[in-house]
Each structure stands twice: as C-alpha cells, then as structure tokens.
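Enquirer: only geometry, no sequence info:
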C-alpha cells in the first residue's frame, strides 16, 4: 500500500477498499498501469463473511469501468486456479484465461493463471 501511495499515477491508477460502518475492511481492488494499453487488476479480495452478496461483482465492475474510462484497451490479472469463486466471476464477466501452469508458491503446489479482457 505504501508503494502504491508513493508511486501510483492517479490519472490512470486507483484502488478501492470496501468497509462497513464499523470500519472493518470487507474487500479491495486496485487498477494499475501495466503499459499504455493494458491495466492490471491487483489486490482483489473479498472477506469470506461477505462473499456471495455481490460485493466482488460490484468492485470488479467499478474497477473495469475506471480502466475503460482511462482509455485502457484491455485488463489483465494473475491468480490461482484454487480461487474458484473469483475465476467463476471472471468467466461470467467476459474475462478469458490465457494460460495456466503448475507452480510452487506460498509453500504449496498451485496452478497459476493469467487472465485478460478487452475493454
């Protein structure tokens, strides 16, 4: 977060943190510039207790709309196959999984995925 605050370009990069009234963080999503035509989705998270209520869908739509308004032509993201709900959301909203490969990350074997969408 400190790196984002210090080095982000507010004309084309933004982050959102969803909270309830007691200040508890419920989710986050960030849009960062990968190159002149591509935005990268980062730090997309919804806390388990709020999953299934549409927060992730709203965060994703808001982030994609921001990227499109900043004239990015596409968005990309990196995730793991084990994030089944997120991958299902990406599929429902038009994202395509471009590649999958086995990796050893976070101390466990995982399937890393690269996704992209044309805006």
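Expert: Okay, I see it. None of the values given here were measured: they were computed from a predicted structure.
Enquirer: Off-centre distance for the strand or helix carrying residue 4?
Expert: Assigned by DSSP states H and E, residue 4 belongs to helix 2-7. Taking Cα atoms, centre = their mean, to the nearest Å, one finds helix 2-7 lying 18 Å from the centre of the chain it belongs to.
Enquirer: Just the element for the residue of the chain most remote from its centre, please.
Expert: Most distant residue from the mean C-alpha position of the chain: residue 22, 24.5 Å away (Cα atoms, centre = their mean). Assigned by DSSP H and E, residue 22 falls within no helix or strand.
Enquirer: how about it, phi and psi?
Expert: Here is the backbone geometry of residue 22 (degrees, to the nearest 10): phi -80, psi 10.
Enquirer: roughly how far apart are it and residue 58?
Expert: Per Cβ to Cβ, to the nearest Å, residue 22 is found 20 Å from residue 58. (C-beta placed from N, C-alpha, C; glycine too.)
Enquirer: Which positions in stretch 104-115 come out as buried?
Expert: 110, 113, 115 (16 or more other Cβ atoms under 10 Å).
Enquirer: now, which of those residues sits nearest residue 35?
Expert: Nearest to residue 35 among the buried residues of stretch 104-115: residue 115, at 16.4 Å, using Cβ to Cβ.
Enquirer: Pairing partners for the helix or strand hosting the closest one, with directions?
Expert: Using DSSP H and E, residue 115 maps to strand 108-118. Paired with strand 108-118 in the same sheet, following DSSP bridges, are strand 74-80 (antiparallel), strand 96-105 (antiparallel).
Enquirer: Residues in contact with the shortest one: which ones?
Expert: Meaning strand 74-80. With contact meaning Cβ atoms under 8 Å, 6 or more residues apart in numbering, strand 74-80 is reached by 31, 34, 37-42, 44, 64, 67, 86-87, 90, 95, 105, 110-119.
Enquirer: Now residue 57: closest residue in space, sequence neighbours ignored.
Expert: The shortest distance from residue 57 to any residue that is not its chain neighbour, by Cβ to Cβ, 6 or more residues apart in numbering, is 6.3 Å, and that residue is residue 89.
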